[in-house]
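[1] My questions concern the predicted model and sequence given below.
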Amino acid sequence: MSKYIILLGAPGAGKGTQATMLTEVLGVPHVASGDLFRSALQKKTPLGLEAKKYMDQGLLVPDEVTIAMVRERLALPDCQEGVILDGFPRTLEQAKALDAALAEEGRAIDKVLYIKVPTEELVARLSGRWICRDCQAVYHTITNPPKQAGRCDACGGELYQRSDDTPETVRRRLEVYFEQTMPLIEYYTERGVLTEVNGNQSIAEVQAALLEALKD
Ligand code: ADP
Ligand code: AMP
């Protein structure tokens, strides 16, 4: 089965939710650029404080900063057999930098799974999203509620809503996605590695479709 995998899709498409499952099945780590930025911010590192300026506005952190951060993460020993990338790449420049970085090691992206979801559904998903502060598990008030309100089923951690999941910032993030990230669909289609999966079905159905796509 393919091991260097990108989950591509708009904010709220279900990338994080599905990555949690895929990481167990494939035995490779889940690397989410947004999580890396949020963790840096929590620790108040210079990288985190720089990223915050953009994240608060729903804008992309500059390519140079983002590429350096992800390259550093990919160089760690746990990524040597593969990785599930979530939220990266988000621009053509990032995609090209990733290809170049993998090529240096004689590796390449095996599969890009594009999770497609209609815009109205994305807005509904992001407005009801809750995340665990400790293990980053993802919930939704309606479609995927925790057993106990405000507590993570997996680890008992506290659940919170992201400060950029507000209607205005979500609108901006979606605009940014359409402008800067959608071109990647063509980029990876041309390279013959992209498979589109219908993300507008239950979490279990999306999961089954992704696993099927990985068998190709
Ligand atoms: P992304 O990582 O792509 O931004 P998430 O995985 O965080 O998206 O999912 C966004 C929200 O939608 C979360 O609240 C999650 O529980 C919910 N969600 C994810 N997949 C589905 C699905 N197939 N159907 C309904 N809700 C979903
Ligand atoms: P996410 O958790 O993927 O929704 O990302 C949250 C925010 O982090 C985004 O709105 C961006 O500000 C920033 N971010 C995450 N990944 C990237 C990326 N690949 N390129 C630029 N900015 C990113």
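    Here it is on my side, so go on. Ligands and ions are numbered 1, 2, ... in the order given.
[2] most remote residue from the protein's center?
    Residue farthest from the centre of the chain, counting by CA atoms, centre = their mean, is Q148 at 25.7 Å.
[3] Surely it is in a helix?
    No: secondary structure of Q148 (DSSP: H, G, I helix; E, B strand; the rest coil): coil, not part of a helix.
[4] Need phi/psi at it.
    Torsion angles at Q148 (phi, psi; degrees, to the nearest 10) stand at phi -120, psi 130.
[5] just the strands in this protein please.
    Remark: strands assigned in the chain by DSSP state E are 4-8, 30-32, 83-86, 111-116, 129-132, 138-140, 159-160, 194-198.
[6] Local confidence estimate at the residue positioned nearest the centre of the chain?
    A centroid search over the chain (CA atoms, centre = their mean) returns D86, at 2.7 Å, as the residue closest to the centre. Confidence at D86, expressed as pLDDT, is 98.
[7] Could you give the bridge partners of it?
    Beta-bridge pairing for D86 (DSSP bridges): L7, A32.
[8] mind listing what Q201 touches?
    Contacts for Q201 (CB atoms under 8 Å, 6 or more residues apart in numbering) come out as A209. (Each C-beta comes from the backbone N, C-alpha and C, glycine too.)
[9] same thing but 10 Å
    Q201 is in contact with 14, 117, 207-209, counting by CB atoms under 10 Å, 6 or more residues apart in numbering.
[10] same deal with P183?
    91-92, 95.
[11] Quick check: of those residues, which has the highest neighbour count?
    Neighbour tally across those (other CB atoms under 10 Å): the maximum, 22 neighbours, falls on A95.
[12] now that one, nearest residue through space, not along the chain?
    Counting by CB to CB, 6 or more residues apart in numbering, A95 lies nearest to P89, which is 4.2 Å off, once chain neighbours are set aside.
[13] ok, the closest residue to N144 other than its chain neighbours to V61 distance?
    Computed as CB to CB, 6+ apart, the closest residue to N144 that is not its neighbour in sequence is I203, at 6.3 Å. Distance from I203 to V61, counting by CB to CB, to the nearest Å: 28 Å.
[14] And the two? Which one has more around it.
    Higher neighbour count among I203 and V61: V61, with 20 against 16, using other CB under 10 Å.
[15] was I right about the more buried one contacting M55?
    Yes: applying CB atoms under 10 Å as the test, V61 and M55 come out as touching, 7.1 Å apart.
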